[in-house]
Each structure stands twice: as C-alpha cells, then as structure tokens.
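# make a model of this:
(one chain, ligands or ions: 1)
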Amino acid sequence: MKRLWSIFLAVMLLTGLCAAWAEEENEMENYTRYTDYAPQTAEPIGLIPGTNHKVLVAWFSRVGNTMFDPDVDVVSSATLNRDENGELIGNAGLIAKWIAEETGADVFPIQTAYTYPSDYYQTVAVGEGQDIDFVNLQMATHLDDVSGYDTVYLAAPIWHYTVCTPLRAFLEETDLSGKTIYVFTAHCGSRFADTVEKIRQLQPNATVIQGVAVSGYDPYSFESEVRTFAQNTMK
Ligand SMILES: Cc1cc2nc3c(=O)[nH]c(=O)nc-3n(C[C@H](O)[C@H](O)[C@H](O)COP(=O)(O)O)c2cc1C
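Numbering: from 1, shown residues only. Modelled structure (predicted):
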C-alpha cells in the first residue's frame, strides 16, 4: 500500500511539474522577443561631425532601425513621414536635423542591433516586450567619448507613455554628468509623458530641461518652434 502511495505521489508531482513547464512554454510563445527580428545589416551610421563640437544632438527613430519597404504607405503607417527629397525620415530624426541646422551640433543617430518589424502594431508589441525584458535590447551604436560636449539635445519618440527603450539604453551607458540636456519628444498625444523625470533619474548629475514635444501626425507644424528653441539655447 505504502509503495502504491509513493508511486501515486511521484506521478502527481511529475504531472504538476509538466503542467507548469508547459504553461511557461506557452507564455514564451506568446511573447514577442526583440531578438526574433532581423539584425541591422548596414553598418551603423555613427557620429556625424557638425561645426560646433561642444554641442551634440542624439536621437532615435523607428526609421533607421526598421527594414521598411521603400514604397511603404506613409499614410496608413502611423506617423511615418518623408523629408523634402521624398526620403523616409523619423520624426525624432527631423527634430535632430532642425536642431543641428540651428546649432552646428555633432549628430549621433542611436541605433539598435536588431531592426523592428515594419508593421507599426507589431513594433508596439516588441516595444512592450522590451519593457518587460530590457536585457534583450542590444545597441549597434555606442558613444564612448562625450567629454567635449557641454550641451546635449535628445530627441526620441514616446513609447508606452514613457521614454522609448533605445534612448533609455543609450542613457544607461552614456554618462552626461555636468552637461545641460534639452529634451525633445515625438509622440501621438502623450507629449512628454514622464520623459523629463525619467531622464533626470538616469542622469542625476546633469541639468535636464524640457524642450519641445512634436506631434508625429504633423511634425512640420512644429518646425519653427523647434528651431527657435534651439536658437535661444545658443544665446
Ligand atoms: C512601441 C511604440 C509605442 C508607442 N507608444 C506611444 C505612447 O505611449 N504615446 C504616444 O503619444 N505615442 C506613442 N507611440 C507613437 C510614437 O511616439 C510616434 O509615432 C512618434 O512620432 C514616432 O517617432 P519616430 O518617427 O521618431 O520613431 C508609440 C510608438 C511605438 C512604435
């Protein structure tokens, strides 16, 4: 009888363990892993020197980190825009371009090691996954020497009501202590969300100042505000 009980208990234990494991497997299947997507194939762009090496503008956008079909429909793909030459340009990329034109800043496009899916809603799902499993986010670009800069402009989209994960990753590994940081966002309604506070937490020894929040639906209507803000920071 005792032996029967032991066998019964062993079978129950094994069944329980298998069920728990199967549940975990299911969760993993439903979970979009960032590294499931294609690695960047092109060489990362890296730092583009301007004329004023005391000023840096670092930015992150979906464009430059997504393998878009060149004929992608920018109307149905939320907040995708083209520049004056008809090339796809990220909204944060546009902000960075305007700031660099006004200030002569060196420009640093932040790039991730893996690209995002071209479908907007899939990217949203990946973004959620990254928030849960931040450790999976790997960067293609790293800025090793920031000692020459006294002013840094940051431009990046809001993701999930906060600063997007690639910008967060950049700020985790880049020490901007002692510098003045101006924060610009691209968004679809959240404006800055908690980005300024988050950046203050990540860079406690920098002076962090709110810049301009640009709507991704109509970025060009914010151009003069961004340019004027950038000009004023140089006075
Ligand atoms: C993963 C993901 C999450 C997003 N979450 C938000 C959000 O919480 N609030 C918001 O206003 N916009 C959100 N958006 C929209 C982007 O902020 C908006 O499209 C922005 O203009 C994109 O800038 P970019 O072209 O520089 O990538 C999200 C976009 C993505 C891809």
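
# quick check: pLDDT value at the residue of the chain found nearest the ligand.
Going by CB to the nearest ligand atom, the ligand is nearest to Gly216 of the chain, at 2.3 Å. (Glycine included, C-beta is placed from N, CA and C.) For Gly216, the pLDDT comes out at 93.

# apart from its chain neighbours, what residue comes closest to it?
Counting by CB to CB, 6 or more residues apart in numbering, the nearest residue to Gly216 once its immediate chain neighbours are dropped is Thr79, at 3.2 Å.

# for the one you found, grab the count of nearby residues.
18 (other CB atoms under 10 Å).

# what's the answer for the one 4 residues further on, then?
For Asp83, the neighbour count with other CB under 10 Å is 12.

# tell me how far it lies from Val214.
To Val214, Asp83 is 15 Å away according to CB to CB, to the nearest Å.

# my guess is Arg168 contacts Gln201. True?
No - applying CB atoms under 8 Å as the test, Arg168 and Gln201 come out as separate, 10.2 Å apart.

# can you name the residues that contact the residue nearest to Gly216?
Asn91, Ala186, Cys188, Gly216, Tyr217 (CB atoms under 8 Å, 6 or more residues apart in numbering).

# report the buried members of these.
Among these, those scoring as buried are Asn91, Ala186, Gly216 (criterion: 16 or more other CB atoms under 10 Å).

# which residue packs closest to the first one, ignoring adjacent ones?
Distances taken as CB to CB, 6+ apart place Ala186 nearest to Asn91, at 3.5 Å, with adjacent residues excluded.

# looking at this, that neighbour is in a strand?
Yes - with DSSP: H, G, I helix; E, B strand; the rest coil as the criterion, Ala186 is part of a strand.
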